[in-house]
Every structure is written in structure tokens, then in C-alpha cells.
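Colleague: Dropping the sequence and predicted coords here.
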Amino acid sequence: MVELLTMSSHAALLAIDDEPDVLAIVAQFAQRFGFTVVTRTDARAALAELRNLKPDAVLVDLMMPDIHGLDVLRAIRDIDPTCQIILMTGQPSVDTAIEAVKLGALDYISKPFDLTRLGGLLTGVCKGIERRERLLQADAVVAKTFAFCGMIGRSPAMQELFDAVRRFAPHVRTLLITGETGTGKELVAHALHTLGARAERRFVTVNCSAVVEGLFESELFGHQRGAFTGATDTKVGLFEHADKGTLFLDEIGELRSTIQAKLLRAVEYGEVQRVGSLSARHVDVTVIAATNRDLRADAANGRFRSDLYYRLSVMEIHLVPLRERREDIPYLSAVFLREVTDRLKRPLIGMTAGAERTLLQAPWPGNVRELRNVIERACLLSDGKMLNERDVLAAMPPAIDTPTPPVLTESAPAASASTWDPAFLTNAQRAQVEHALRESHGNKTAAARLLGISRRSMYRWLDRLDLPYAAARTEER
């Protein structure tokens, strides 16, 4: 008995055969499973239309008059690696079947059709689509559970960050946020302001690396009319504008030394002096500064005023790079993919396991910002219903060189034998195993097959990564 599925969104099947009667049977049968069926008698014409048709599965005859079915299989795999391909033939042979599977065919069936077997294959295609869609939805739901003031993370590093923000926010007067570009320093500053006593007041941002050097003093402290050429009006500086609120100084490490001295007085005593004015003005401002530089080292080497550094770093928060919290990547990716597809109206329902692995293994020098940008570019490049590995790799900028991934092998090598950081190696491999277990609903035999390792190796990896058998175990028949 073939199980019929009710698809939430129709899957698409392309059937290619030079016999119209065969196509009619396939179309009638596949429609019972919720497929939208397109039939073609010309294989070359069908290949030309493939990018527009975007089928989830293709059923193709092996012996076509103008092109061999294996050549069609190769062409489809080149165009859309995620498409499920079933070959059919009236002259089956073991060698051809083996070659088809090696080239990536889902299966190889004989004519006349065994409808039960064909139905099982179509059911598998439908379930695979639904499973990937459910995984994306589940990861997005989990991500929202672990969201905090616009930031997402269930890793220990992010949970510690969220706790620190909650503790510091009610008491912060000056604070320094450090971390690489793209780690979310401005989000942390916003969170501190939102959870603090000045949430109803202004939050003013200034990028210290973007303001013209000669005008920076005027931007921060204001100027009097006639103070310099072009000063036709008196201007209030950003410190005064943020009075009773919060001033966020992004990339503070780029400030020149003369401004640093005046900034120190403003931060320490709440006094600002407009350019061209003889009197100081008092302001009450919470100052949050951020930098991707090592200000402690810069202060030690005289490139940054040590007294300003120590004044700003009374409280300090450091953001870890994305490569040190890779367990958050699936959840960030799910949220970004959902946001981008909604905004761009793209018909994407998820991403393939290959795409997830590529995202998990990339070095991400641009951190979370880079991840978001890559997913957006991949969505724009994708022709299918799911992001695949090729889409993601095509979206990677030249600056990102995907390293040799820490893939699972039949043996569990010692971390010290790898050029990867041991902690990252373990985290990345743990994430691979956990993803495979989730995708296979805890069935370790199926998970091993997804990872390309034996069932015995799967148990060795569970031991090495300290993953409990019972937590992943389902009935394996």
C-alpha cells in the first residue's frame, strides 16, 4: 500500500520520455502524491527549460532517441545538484544501474513500472522536501527562543554575553565593547541602552572612522558661529545632543590623540567645550565605546591614551567571533534565510545539508554580518526551492577562502593532529553529528549514511563527542 501525502506546497516533477503513453501514466500517478507534473518528449528541450521549471524531481527514460539518459542525468546534476533524479528503462542492466547511482541518481526502475516502488520513491521525495522545510522552521523557532535584543545565540559564549548585558545595563556610565568587525557591537550597545535607566532618552551613534578628521571636534563638541571658515551658525555637538541619553562611539580606536584628550575630559567630568567658545558646558551622558582593535596594546604602545582607555574600560564586554561559536550558525542561518525570503519574496523553503555544512565550515572573517550577506546573495543567486552548496559557495566573496572542512572520517583522529583549533574541531564535528541525527529523526544508521561513515564509526563518534546514545536513539529496524 503506497502512502499518499498531502503537500503543504506542491512539489514539481519533470517526466522525460519519448513515449507519450508512458508520460500520461506517470503524470496521472504522480499527481496522486501532490506533484505538479510537467512532461516532455524532447530531452534536450527539457534541459534547456530546467532552470525555469525548477523541478524537485525528474523521471527520465534511459534510452532517448537524441541523448542517453545518463547524459541527461549528468546535465541535470550540473544545473541543479539538489534535484532528485529517477531513471527508467525497458532494458535494465546491473552495470547501468550502478553507474546511474554513482552519478547521483535517486534510483533506477524498470518498465513496466512497479507502481508500489515508484510510489515509495515519490513519497521519499515529498518527505525530504517537507523534512527540510520543517528543519528550517524548527531552527527558526529555536533561534527566536534564544533571541535577546536583536541578537541570537544559544552557545555558552552568547548566554554569558546576554547575562553580562543584563547585569551592566542598569549601572553603566562608561563601557567599552571589543570584538572583531561584524560581531554585533552596536546591537550590544543598543541592548545596554534599552535595558538601562535611559531607555526613553536619545541613543546617538557616531562612527569615529567615518567623520572627516578636521571636523571631528566640531561634530563631538559643537562650535560657535564664526569659529572657523564655514561656521556660519552655532552648532550643538553630539555630546550635547545626547544629554541625559547614551552616546555610542563606534571604532573609537581611530580617534587622533588631540581629540582623545578632550574626549577624556568629557567622559570623566561631563564637560564639553564648543570650538570657538571660552566656556565649558556640562552634559550628563552615558558613553559606550566600541572597537575592533586591541586598545590595551595600543595604549601600551602609545597609540591610544592609556588614561582614556582605563576610563572607558571600567566595564568591558568582549564579543567572541562567529568561528568560536559555530553551534549558533544553523539558527542564525535559519532566521536570516526566513527574513530574506520574506523580504525578497523568494520561493525558498530551506537549505540542503551540503549548504549547511558549507556555512558551518567557512572561516567567517566578517562574522555574523558576513553570514547574513552571504545568505542574502545566495538567495538571489538560487534558482531552486532550496539553497544548495553551489549557491552558498557562489555567494562567498573572494575574501572568504573555505578551508578544508573538519569532516568526519571512519576513524576518530586526535584533535592535535589537525591544523584546526581543537576546540573548533570538536564543536564543528559535534554540530555535524547533531544535524545528521536531527535530520534522520535520531536513527543512527540513517545519520551515518548521511555523514558518509559506517554505523560502527557513528558509535565511535558518539563516544568521542560525548553524545549520549539514549538521547539520539530511536527504534532501528
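Modeller: All right, it came through fine.

Colleague: which residues of the stretch 351-477 of the chain score low on pLDDT?
Modeller: The model of the stretch 351-477 of the chain has pLDDT under 70 over residues 399-431, 450-452, 454, 456-457, 460, 464, 466, 468-477.

Colleague: That one: helices as residue ranges?
Modeller: Using DSSP state H, counting those that start in this stretch, the helices of the stretch 351-477 of the chain run over residues 353-361, 367-381, 389-395, 422-439, 444-451, 455-464, 469-472.

Colleague: The stretch 51-200 of the chain too?
Modeller: For the stretch 51-200 of the chain, the helices defined by DSSP H, counting those that start in this stretch occupy 69-79, 94-102, 115-145, 156-168, 185-195.

Colleague: can I see the domain layout of this protein?
Modeller: 11-131, 165-321, 325-395, 415-472 (automatic domain parsing).

Colleague: Would you mind telling me which of those is nearest Ser155?
Modeller: Ser155 lies closest to domain 325-395 among the domains of the chain, at 4.0 Å (C-beta to C-beta). Placement of C-beta: from N, CA and C, glycine included.

Colleague: picking up where we left off before, need the domains of the chain in a markdown table (columns: mean neighbour count and distance to Ala147).
Modeller: Listed next are the domains of the chain as a markdown table, based on neighbours: other C-beta atoms under 10 Å; distance: least, C-beta to C-beta, whole Å:
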| stretch | mean neighbour count | distance to Ala147 |
| --- | --- | --- |
| domain 11-131 | 17 | 24 |
| domain 165-321 | 18 | 11 |
| domain 325-395 | 20 | 8 |
| domain 415-472 | 16 | 20 |
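
Colleague: Of all those domains, which one is nearest Gly153?
Modeller: That would be domain 325-395 among these, by C-beta to C-beta, at 4.7 Å.

Colleague: What is the distance between the closest one and the centre of its chain?
Modeller: Chain-centre distance of domain 325-395: 5 Å, with C-alpha atoms, centre = their mean, to the nearest Å.

Colleague: Repeat that for stretch 238-257.
Modeller: Mean-position distance between stretch 238-257 and its chain equals 31 Å (C-alpha atoms, centre = their mean).

Colleague: Can you give me the end-to-end span of that stretch?
Modeller: Using C-alpha to C-alpha, to the nearest Å, one end of stretch 238-257 lies 19 Å from the other.

Colleague: Figure out which of the domains of the chain is closest to Gln137.
Modeller: Nearest to Gln137, of all the domains of the chain, is domain 325-395, at 8.0 Å by C-beta to C-beta.

Colleague: Would you mind checking which of the domains of the chain scores lowest on average pLDDT?
Modeller: Among those, domain 415-472 carries the lowest mean pLDDT, a mean of 63.

Colleague: Ala12 should be in a strand, yeah?
Modeller: Yes - judged by DSSP: H, G, I helix; E, B strand; the rest coil, Ala12 forms part of a strand.

Colleague: returning to what we had before: to Asp139, which of the domains of the chain lies closest?
Modeller: When these are compared by C-beta to C-beta, domain 325-395 sits nearest Asp139, at 3.5 Å.

Colleague: ok, so what distance separates Asp42 from Val72?
Modeller: 11 Å (C-beta to C-beta, to the nearest Å).

Colleague: hey, what's His282 bridged with?
Modeller: On the basis of DSSP bridges, His282 is bridged to Glu271.

Colleague: Please apply the same query to the one 5 residues further on.
Modeller: Per DSSP bridges, residues listed as beta-bridge partners of Val287: Thr174, Leu247.

Colleague: Leu176 is in contact with that one, correct?
Modeller: No - using C-beta atoms under 8 Å, Val287 is not in contact with Leu176; the gap is 9.5 Å.

Colleague: Common neighbours of the two, please.
Modeller: In terms of C-beta atoms under 8 Å, 6 or more residues apart in numbering, Val287 and Leu176 are both contacted by the residues Leu312.

Colleague: name the element Ile259 belongs to?
Modeller: helix 257-269 (DSSP states H and E).

Colleague: Which other helices and strands does that helix contact?
Modeller: Under the contact criterion of 3 or more C-beta pairs under 8 Å, 6 or more residues apart in numbering; DSSP states H and E, helix 257-269 touches helix 216-221, helix 306-312.

Colleague: Counting neighbours, which bits of stretch 130-144 end up buried?
Modeller: Residues of stretch 130-144 classed as buried by neighbour count (16 or more other C-beta atoms under 10 Å): 130, 132-133, 135-136, 139-140, 142-143.

Colleague: could I get the residues you listed as JSON lines with distance to Arg167?
Modeller: Converted to JSON lines, the buried residues of stretch 130-144 look like this (distance: C-beta to C-beta, whole Å):
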{"residue": "Glu130", "distance to Arg167": "43"}
{"residue": "Arg132", "distance to Arg167": "40"}
{"residue": "Glu133", "distance to Arg167": "39"}
{"residue": "Leu135", "distance to Arg167": "35"}
{"residue": "Leu136", "distance to Arg167": "34"}
{"residue": "Asp139", "distance to Arg167": "29"}
{"residue": "Ala140", "distance to Arg167": "29"}
{"residue": "Val142", "distance to Arg167": "25"}
{"residue": "Ala143", "distance to Arg167": "24"}
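
Colleague: Which single one of the residues you listed is nearest to Arg455?
Modeller: Nearest to Arg455 among the buried residues of stretch 130-144 is Leu135, at 22.5 Å by C-beta to C-beta.

Colleague: Quick one: residues contacting the closest one.
Modeller: Leu135 is in contact with 350, 438-439, counting by C-beta under 8 Å, 6+ apart.

Colleague: re earlier: okay if I get the domains of the chain as CSV plus distance to Phe148?
Modeller: Shown next, in CSV, are these (distance: least, C-beta to C-beta, whole Å):
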stretch, distance to Phe148
domain 11-131, 29
domain 165-321, 7
domain 325-395, 12
domain 415-472, 21
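
Colleague: who wins for proximity to Met158 among those?
Modeller: Closest of the domains of the chain to Met158 is domain 325-395, at 6.3 Å (criterion: C-beta to C-beta).

Colleague: Tell me who's in contact with Gly245.
Modeller: Applying C-beta under 8 Å, 6+ apart, the residues near Gly245 are 193, 198, 201-204, 285-286.

Colleague: Oops, could you answer that again for Leu118 instead?
Modeller: Contacts for Leu118 (C-beta under 8 Å, 6+ apart) come out as 29, 86, 109.

Colleague: Ok, Ala231 next?
Modeller: The neighbours of Ala231, taking C-beta under 8 Å, 6+ apart as the test, are 218, 223-225, 275-276.

Colleague: quick one: which of those sit in helices?
Modeller: Applying DSSP state H to those, the entries found in helices are Ser218.

Colleague: Taking the contacts of Ala231, tell me the two that lie furthest apart.
Modeller: Taking C-beta to C-beta as the measure, the contacts of Ala231 span a maximum distance of 11.9 Å, between Ser218 and Arg225.
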